[in-house]
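>>> no sequence on hand, only this structure:
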């Protein structure tokens, strides 16, 4: 009788289980918040209480020490709510920051380089601005992609709005990956995006500039959930 461990498939890799848990959370995610450290952990927690599923820390000019210091609070807040914590632009710091993954843009590290830096169990997200970029995303080795900016936004100065056509295209393509509409979205302009087929959105100012982040998140989440249940814009 052999004393071996049996087929390799029978050996459980806890890191693979971690990756599976992260991707399961991603598959259920609807509301994605991008903010900087100045938003503060208490307000992040309020937004998570209101229904945010993913929180991304985006800090273009902070040094490495500042990124890591602020990340600890974001990580704890996400853990308390069963949410995902993503770091923007810096795959080299994502693991050290305790992030679940990293988000890169078209001008940042390539998805392949980001994946090499963070490993297979981390989530890698990608910004897309054209239908061609969105079509290429599922084969780029990422776990999700964003489509936009739907509207011009000061958080992406100089980036022209793409409107709703790329959103409709992504919805009609039945993408193999979760995807999020992004760009100047708020409760007042969300419905056309939902009618175009989006079921997940990324917001910044709609929550970060709201006097009550929890109430703002709750309103957005209610609209997303209602559209999903009603099949608004479904193709």
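Alright, I've got the coordinates. Keep in mind that what you see is a predicted model, and the values were worked out from it rather than measured.

>>> now the closest residue to residue 81 other than its chain neighbours: how far from residue 68?
Leaving aside its chain neighbours, residue 81 sits nearest to residue 48 (4.0 Å; criterion: Cβ to Cβ, 6 or more residues apart in numbering). (C-beta placed from N, C-alpha, C; glycine too.) For residue 48, the distance to residue 68 equals 21 Å [Cβ to Cβ, to the nearest Å].

>>> endpoint to endpoint, stretch 181-192 covers what distance?
11 Å (Cα to Cα, to the nearest Å).

>>> chain center to it, what's the gap?
Distance of stretch 181-192 from its chain centroid, counting by Cα atoms, centre = their mean, to the nearest Å, is 16 Å.

>>> about what we covered before: my guess is the residue nearest to residue 81 contacts residue 55, does it?
Yes - Residue 48 is in contact with residue 55 according to Cβ atoms under 8 Å; the separation is 6.9 Å.

>>> per-residue pLDDT, residue 9?
For residue 9, the pLDDT comes out at 36.

>>> got any ranges where this protein has weak pLDDT?
Along the chain, segments meeting pLDDT under 70 span 1-15, 174-175, 234-235.

>>> now the strands: where do they sit in it?
31-35, 54-57, 84-88, 101-104, 123-128, 144-147, 179-182, 201-203 (DSSP state E).

>>> can you pull the contacts of the residue lying closest to residue 192 once chain neighbours are set aside?
In space, and not counting its chain neighbours, residue 192 is closest to residue 164: 6.3 Å by Cβ to Cβ, 6+ apart. Contacts for residue 164 (Cβ atoms under 8 Å, 6 or more residues apart in numbering) come out as 150, 192-193, 196.

>>> quick one, phi psi at residue 164?
Per-residue torsions, residue 164: phi -90, psi -10 (degrees, to the nearest 10).

>>> mind listing what residue 32 touches?
Going by Cβ under 8 Å, 6+ apart, the list of residues near residue 32 reads 52-56, 180, 200-203.

>>> one more time with 10 Å, if that's ok
Going by Cβ atoms under 10 Å, 6 or more residues apart in numbering, residue 32 touches 26, 52-56, 83-84, 86, 103, 125, 144, 146, 178, 180-182, 200-204.

>>> likewise for residue 38?
Here residue 38 is in contact with 59, 70, 208 (Cβ under 10 Å, 6+ apart).

>>> list just the nearest of these to residue 97.
residue 70 (8.7 Å; Cβ to Cβ).

>>> how near is that closest one to residue 204?
Counting by Cβ to Cβ - residue 70 and residue 204 are separated by 17 Å.

>>> pick out whichever of the two has more residues nearby.
Between residue 70 and residue 204, counted using other Cβ atoms under 10 Å, residue 204 has the larger neighbour count: 24 against 20.
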